[in-house]
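Chemist: Next come a sequence and a model predicted from it.
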Amino acid sequence: EKEIEKFLNLDYEKHLHDPFLMKDMDKAVERILRALKNNEKIVVYGDYDADGVSSSAIFHEFFKKIGFENFHVHIPDRHLEGYGLNDDAIEEFISQKINLVITLDCGISDYEEVEELNKAGIDVVITDHHLAPDKLPNAFSVIDSKQPDDTYPFKYLCGAGVAFKVVKGIIMKGGFKITPNWEKWLLDLVCLATIADMVPLVDENRVLVYYGMKVLEK
């Protein structure tokens with residue numbers, strides 16, 4: 001009966017899990033907040049599909065909302081760059097003296113690429129939702145509830161769902177002067193990505209899509 005009630009009568013406050021239940025979320029939030037405070041140069045690195053582009057737009061909207069301008073969104077070319085981090089992009093980031101790369105909807109398999117960024121002194125925060133390989137990248141933090149030792153209650157968020165969780169965590173810890181629950185205005189993007197990526201419409205995904213459609217209506 002409890003599951004039926006949750007399925008039919010969705011509640012934004014009650015039915016979304018705490019972002020900090022995800023492994024490494026505290027580390028990721030701390031690193032991003034430090035970058036914001038020190039005006040470090042950030043690259044938001046998404047995937048080229050609907051999920052990755054929506055994830056990147058979520059971070060773009062959040063950074064603009066808090067007045068942070070020292071960032072660049074990089075969407076790789078589907079044909080020339082392919083999926084995930086690549087050598088040409090890494091060279092570009094090194095030449096531009098980037099301080100932090102945040103991957104969205106990708107990165108969980110990019111072991112060698114993360115090593116190259118580490119050697120250049122560039123921190124990497126990976127946010128992804130794909131299956132984790134046996135050998136994880138040696139990133140500053142890895143947010144992906146499909147890691148074997150991650151105890152987050154729900155394993156089927158899309159990349160934008162994970163991005164939303166990270167932004168929610170940053171807002172919870174950042175003390176920004178923004179309207180409480182402002183992040184709900186990002187749910188149109190989460191909704192689009194969740195449906196486009198064809199993840200199961202249960203648990204948190206159902207809540208995110210339900211409220212995302214309300215935002216789309218507005």
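Modeler: Yep, that arrived.
Chemist: going forward, measure contacts and count neighbours with C-alpha atoms only.
Modeler: Fine.
Chemist: Nearest the middle, which residue of this protein would you pick?
Modeler: The residue lying closest to the centre of the chain (CA atoms, centre = their mean) is residue 163, at 2.2 Å.
Chemist: Quick check: closest non-adjacent residue to it.
Modeler: Leaving aside its chain neighbours, residue 163 sits nearest to residue 55 (5.7 Å; criterion: CA to CA, 6 or more residues apart in numbering).
Chemist: Just the element for residue 205, please.
Modeler: Taking DSSP states H and E as the criterion, residue 205 maps to helix 203-217.
Chemist: pLDDT (mean, whole number) over that helix?
Modeler: Taken as a whole, helix 203-217 has a mean pLDDT of 97.
Chemist: May I have that helix exported as PDB, CA atoms only?
Modeler: Coordinates of the C-alpha atoms in helix 203-217 are reproduced here as PDB (Å, rounded to 0.1, in the frame of the first residue of the first chain):
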ATOM      1  CA  ASP A 203      10.600   6.000  -7.900                       C
ATOM      2  CA  GLU A 204      12.600   9.300  -8.300                       C
ATOM      3  CA  ASN A 205      12.300   9.300 -12.100                       C
ATOM      4  CA  ARG A 206       8.500   9.400 -11.800                       C
ATOM      5  CA  VAL A 207       8.700  12.400  -9.400                       C
ATOM      6  CA  LEU A 208      11.100  14.300 -11.600                       C
ATOM      7  CA  VAL A 209       9.000  13.800 -14.800                       C
ATOM      8  CA  TYR A 210       5.800  14.600 -13.000                       C
ATOM      9  CA  TYR A 211       7.100  18.000 -11.700                       C
ATOM     10  CA  GLY A 212       9.100  18.600 -14.900                       C
ATOM     11  CA  MET A 213       5.900  18.400 -16.900                       C
ATOM     12  CA  LYS A 214       4.400  21.000 -14.600                       C
ATOM     13  CA  VAL A 215       7.400  23.300 -15.400                       C
ATOM     14  CA  LEU A 216       7.000  22.700 -19.100                       C
ATOM     15  CA  GLU A 217       3.300  23.700 -18.800                       C
END
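Chemist: tell me how far that helix is from the chain's mean position?
Modeler: Relative to the chain's own centre, helix 203-217 is displaced by 17 Å; criterion: CA atoms, centre = their mean, to the nearest Å.
Chemist: before we move on, back to that, please work out which residues outside the helix or strand the residue nearest to residue 163 falls within touch it.
Modeler: Applying DSSP H and E as the criterion places residue 55 in helix 50-65. Residues from elsewhere that reach helix 50-65 (CA atoms under 8 Å, 6 or more residues apart in numbering): 44-47, 69, 73, 75, 104-106, 158-161, 163-164, 167, 186, 189-190, 192-194, 196-197.
Chemist: Fine, thanks again, bye for now.
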